[in-house]
Structure formats: structure tokens, C-alpha cells
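Student: I'll drop the sequence and a predicted model, then ask my questions.
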Amino acid sequence: MKFRYLLLIASSFLIINMSCSTSSITSIDPESVIASKDLDAEVKDIEELADLNIDGIPISTLADLYASQQNEIPPVFERIKTYIEQEVDLSKGFRIQIYSGESVADADTIAAKFRGWVSTSIEGYQAETYTFFKTPHYRVHIGDFHNRERALTYSRLVKREFKDAWVVYDTVDPFMIPADTVAFSIR
């Protein structure tokens, strides 16, 4: 039994020693290297390498050329447009405020007056009225618009009858928004 252990230990030591022998550090005597090589031949090899040309351009110049070269995008790829998909909240937009006051009766009267006026005076879009209370005032908003410019165009028509009308940012009903092709005009 002891013989097996000794044999196992000896073989392990031999395997480890042989596998590590390639990684051992050896010292080189610089004088022996210089004496063994012909320095003139080595210097000539380096000069030949430096003079090496590819199509008449030295290697160092080629490296400089590739390092500074700008890649140009072909015109075909410049015509390709990339679209960034953005999430749009369809319930955000603009309305026109025609009344803000403390009287609910006045708010209802103004809303009824607008509904009567818009049905007889404006062509293209019959704006809906919205009456609500926002502390401390009752407010009457009209219309639903995603685009501020469209709301301003409509407010110019409304200001002929309701002088205090102005565009406000509000939550809108996406199904009540007029099409972009609809033109607003006075009858």
C-alpha cells in the first residue's frame, strides 16, 4: 500500500516538474547574443522593411492615410429617412375659453348663446361646449384641437362675437377634433 502512495507521489512530482519546465525563467547573456549574430545583417533587414512600398507608397504613409481617412456615405443611403416613433397622447390638445366667472348661471347662459351663434354663423366645424367648475370659477371651453394654430384660427372667428375668447391647453375628446382639411369660415 505504501508503495502505491510513493509511486503516485513520485509520478505526480514528475508530471508537475515537466509541465512547469517550459515556464522557467532563463537568463540570456547579451554579449553572447551580440557575438552570435551579425549586426550588419540585422540593420539591413530593418532598413529594407522601412523602405517597403505598396504601389509606390511607403508603409508609414499608408498607415497615416487610413488613420485620417473619412468614410463617405453613398448618396443612396442619405435618401433613406429614419422615423422615430413617438408616443402621442391623443387626449391632450387645445380648446378656446370663452367665459371664466363665479356664476354658474352666467356660464350656462354663455354656453347656450355660443351654441346658438355657432350653428348660424360658422361653417366647417360646429364646436362643442364644455362647462365645468375649477376652483374658484366656472369656465366655458369650446372646441377640440390637437394643433394650436388650428385653435388660433378658429378663435379669430369666435372673437367676433365673444371678445374674451383665448386658446388654452386642455384635455380634448379625440373623436371631436375636426379634420385637417376642414376650413373654418363665417357664413
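Tutor: Arrived safely, thanks for sending.
Student: just the strands in this protein please.
Tutor: Under the criterion DSSP state E, the chain contains strands at 53-54, 57-58, 92-101, 122-123, 129-134, 137-145, 166-171, 185-186.
Student: how about those in TSV, adding distance to Arg115?
Tutor: Quick note: C-beta positions are derived from backbone N, CA and C, even for glycine. Below are the strands of the chain laid out as TSV (distance: least, C-beta to C-beta, whole Å):
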stretch	distance to Arg115
strand 53-54	85
strand 57-58	83
strand 92-101	11
strand 122-123	11
strand 129-134	6
strand 137-145	9
strand 166-171	19
strand 185-186	17
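Student: buried deepest among the ones you listed, which one?
Tutor: Highest mean neighbour count of the strands of the chain: strand 137-145, a mean of 22 (counted as mean count of other C-beta atoms under 10 Å).
Student: Val167 against Ile96, yeah?
Tutor: Yes - counting by C-beta atoms under 8 Å, Ile96 is a contact partner of Val167 at 5.7 Å.
Student: quick check: neighbours shared by the two?
Tutor: Common neighbours of Val167 and Ile96, counting by C-beta atoms under 8 Å, 6 or more residues apart in numbering, are 151, 155.
Student: who are the contact partners of Ser155?
Tutor: When contacts are counted by C-beta under 8 Å, 6+ apart, Ser155 touches 96, 165-167.
Student: for the strands of the chain, give me a markdown table that also has mean pLDDT and distance to Val158.
Tutor: Output for those, formatted as a markdown table (pLDDT from 0 to 100; distance: least, C-beta to C-beta, whole Å):
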| stretch | mean pLDDT | distance to Val158 |
| --- | --- | --- |
| strand 53-54 | 55 | 77 |
| strand 57-58 | 57 | 75 |
| strand 92-101 | 96 | 6 |
| strand 122-123 | 90 | 8 |
| strand 129-134 | 95 | 11 |
| strand 137-145 | 96 | 7 |
| strand 166-171 | 95 | 10 |
| strand 185-186 | 85 | 10 |
